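Participant: what follows is a predicted protein model with its sequence.
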Amino acid sequence: MKRREFVTGALGAAATAAYFPTSRASSAPAELRAITRTRQETTLTRAEILELADSQTQALLTPNSPRYDAARRVWNGMWDSARPALIARCSYVEDVVNAVNFARTHDLLLAVRGGGHSISGKSVCDGGLVIDLSPMRSVIVDPLARTARVAGGCLLSDVDQETQEYGMIVPAGVVAHTGVGGLTLGGGIGVLMRKFGLTIDNLRAVEIVTADGEVRTASADENPDLFWAVRGGGGNFGVATSFTFNLNVFGPELLGCGLVYPLDQAQAVFDKYFEFTETMPSDMHGFAGMTLSDTRQPLVTVGYSWLGSSFSEGERHLEPLRKFGKPVMNVLRPVNFVRQQSQGDDHNEHGRVYYIKGRHVNDYDPEMTKLILERWKLAPGRFNTMRIVRFGGAVSEVASDATAWPHRDAMWDLEVGASWADQKYNDEYVRWGREYWDTLEPFIEESFYVNEIMDEDQSKVATSYESNYPRLVNIKNQYDPKNLFQLNANIKPNI
Ligand SMILES: Cc1cc2nc3c(=O)[nH]c(=O)nc-3n(C[C@H](O)[C@H](O)[C@H](O)COP(=O)(O)OP(=O)(O)OC[C@H]3O[C@@H](n4cnc5c(N)ncnc54)[C@H](O)[C@@H]3O)c2cc1C
């Protein structure tokens, strides 16, 4: 992505607004039915709609706007029916401030959209206001200070591409079209985490618009409690308009090893994966999973990435793994990191319907693999997926209460789910997904990574933050006592 100047603050918004003097009055409806923060029906008058429209750099979208339908859709097609009353596409911090103030003053239900990848559809809502940060996509790298300032609506690809220009990186997730905003605020796990830590472990500061409309900086020196909370506490504390990350020297290549096995070797391959990854070096990332080939043959895939600078050392570690079993594909080669980050993009395309969850596994029991295999049934039009990733390394070197993200000792992250194109299967396949997870219950931990939440799990948010939850509630009480920011893995204020 080309670097653009990062214009923030009132001056930026006012200056740009001067170039868009068109009256928005003609497209504003006479009135709009909307939903409040407490889920009551309300009506917004034309004057009120214009008040928000006139405070925004870009045209405010209402259900009558030509671009409304495209703008309201998020990654997971399961939430396609959600119809917000208003969508404010914010380009500048001042747009965000005005939208937050409008939502608070009119007591509107408020959703905040970064990359739109919330699996549980939390970045869109029915009848409320959506603050859409997708116009805010600038990344500014300071190679001397080794920092990157990343605007709140960036995607992972924006950051990877820009930082790799300087031979540096922020560790983040594995699908390039995921949003930096939601991923970072929730924690951020990915290929580089065992070497460089979670995304939040590389966060230096956040610029955030809190519920009172103030623009605050949260860092180790300024508002340290808020800084602690946003590192894992999700979108509960405000709209993050930019993130400043510390950069790590890395790339452009890693050593990648890809192994593919037929399904009849699955049990042995998974047993081996769990045994090896329990003690593997921090310079190594590994996943094991199941997928379908282009001809719909179920396959077991195992991938290792060597993240150290000596590839020959990596080869030595990988050699015994490459000799295990009878893989039908066995590849070892240097891989361009940015290219690898996009490899999963097509399998995770926008607009399909997804039922996916992630849970932690701390003690591996081979019975779990047996169950996964039994229930991993093929169905017409349903693409099943399953993937397990090892935590540890640099992730575990941080204390569980040093940030809001408490899972520092978690061993593996298991993700199982499915996607399909035809909405008529929603009930059937969601039932399948829920039953699948019910059978895995004895093997998984009660607490989980909140960014892997699916439909029925809101009640478990408190237990997932473990002993960090009371402190999160106190900080929520301070910054968002009325729960304006509630469409997320919600930390409920108690005052
Ligand atoms: C295909 C896919 C791959 C994924 N891979 C990974 C992975 O490798 N590692 C990983 O850790 N997670 C991964 N996730 C989970 C991901 O971290 C979450 O879905 C995350 O919420 C996505 O962020 P987003 O900005 O795209 O989401 P959105 O849907 O825009 O937002 C999700 C939540 O974050 C809030 N939010 C987003 N941006 C901001 C902001 N700037 N300020 C305040 N609140 C904000 C929203 O209000 C909402 O509650 C993946 C998800 C998908 C769908």
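Facilitator: Arrived safely, thanks for sending.
Participant: now residue 465: phi and psi?
Facilitator: Dihedral pair for residue 465: phi -90, psi 0, per degrees, to the nearest 10.
Participant: just use 19 as the starting number from now, easier for me
Facilitator: All right, first residue 19 from here; so that's residue 483.
Participant: how far away is it from the ligand?
Facilitator: Distance, residue 483 to the ligand, by Cβ to the nearest ligand atom, to the nearest Å: 15 Å. Heads up, the C-betas are built off the backbone N, CA and C, glycines and all.
Participant: how many other residues sit next to that residue?
Facilitator: By other Cβ atoms under 10 Å, the residues close to residue 483 number 24.
Participant: so who does it touch?
Facilitator: 250, 251, 422, 424, 465, 468, 490, 509 (Cβ atoms under 8 Å, 6 or more residues apart in numbering).
Participant: ok, it to residue 125 distance?
Facilitator: Using Cβ to Cβ, to the nearest Å, residue 483 is found at 27 Å from residue 125.
Participant: pLDDT score for residue 34?
Facilitator: Looking at residue 34, its pLDDT reads 37.
Participant: next: the one 3 residues further on.
Facilitator: The predicted local distance difference test score for residue 37 is 36.
Participant: could you do residue 47 as well?
Facilitator: 88.
Participant: helix or strand: which one has it?
Facilitator: When elements are assigned from DSSP states H and E, residue 47 belongs to no helix and no strand.
Participant: which residues touch the closest residue to the ligand within the stretch 269-418 of the chain?
Facilitator: Nearest residue of the stretch 269-418 of the chain to the ligand (Cβ to the nearest ligand atom) works out as residue 366 at 3.7 Å. By Cβ under 8 Å, 6+ apart, the contact set of residue 366 is 93, 193, 195.
Participant: could you dump those residues into a markdown table and include pLDDT and secondary structure?
Facilitator: As requested, the contacts of residue 366 are exported to a markdown table (pLDDT from 0 to 100; DSSP: H, G, I helix; E, B strand; the rest coil):
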| residue | pLDDT | secondary structure |
| --- | --- | --- |
| 93 | 98 | coil |
| 193 | 95 | coil |
| 195 | 97 | coil |
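Participant: just the closest of these to residue 403, please.
Facilitator: Of all the contacts of residue 366, residue 403 sits closest to residue 193, with 12.0 Å by Cβ to Cβ.
Participant: quick one: contacts for that closest one?
Facilitator: Residue 193 neighbours (Cβ under 8 Å, 6+ apart): 135, 174, 359, 362, 363, 366.
Participant: one more pass at 7 Å, please.
Facilitator: The contact partners of residue 193, by Cβ atoms under 7 Å, 6 or more residues apart in numbering, come to 362, 363, 366.
Participant: buried sites along the longest helix belonging to the chain?
Facilitator: Taking DSSP state H as the criterion, the chain has its longest helix at helix 444-458. Buried residues in helix 444-458, defined by neighbour count with 16 or more other Cβ atoms under 10 Å: 447, 448, 450, 451, 454, 455, 458.
Participant: near the ligand, which of these show up?
Facilitator: The subset of these within reach of the ligand, by Cβ under 6 Å from any ligand atom, is empty.
Participant: list the helices and strands the longest helix of the chain packs on?
Facilitator: Using 3 or more Cβ pairs under 7 Å, 6 or more residues apart in numbering; DSSP states H and E, the elements in contact with helix 444-458 are strand 371-379, helix 384-393, strand 430-438.
Participant: burial of residue 488, as a residue count?
Facilitator: 10.
Participant: in which helix or strand does it reside?
Facilitator: Residue 488 is part of helix 487-497 when elements are defined by DSSP H and E.
Participant: could you point out where this structure is predicted with low confidence?
Facilitator: 19-44 (pLDDT under 70).
Participant: up against the ligand, what does the stretch 219-368 of the chain have?
Facilitator: So far as Cβ under 6 Å from any ligand atom goes, the stretch 219-368 of the chain lies against the ligand at 252, 253, 257, 258, 366.
Participant: what of the stretch 19-168 of the chain?
Facilitator: So the stretch 19-168 of the chain meets the ligand at 92-93, 130-137, 140-141, 151 (Cβ under 6 Å from any ligand atom).
Participant: ok, the closest residue to residue 97 other than its chain neighbours - contacts?
Facilitator: Leaving aside its sequence neighbours, residue 97 sits nearest to residue 139 (Cβ to Cβ, 6 or more residues apart in numbering; 3.3 Å). Each residue near residue 139 by Cβ under 7 Å, 6+ apart is listed here: 92, 94, 96, 97, 100.
Participant: now do the contacts for the second one.
Facilitator: So that's residue 94. Residues in contact with residue 94 (Cβ under 7 Å, 6+ apart) are 137, 139, 371, 372.
Participant: separation between residue 291 and residue 406?
Facilitator: Counting by Cβ to Cβ, the gap from residue 291 to residue 406 is 7 Å.
Participant: done for today, thanks.
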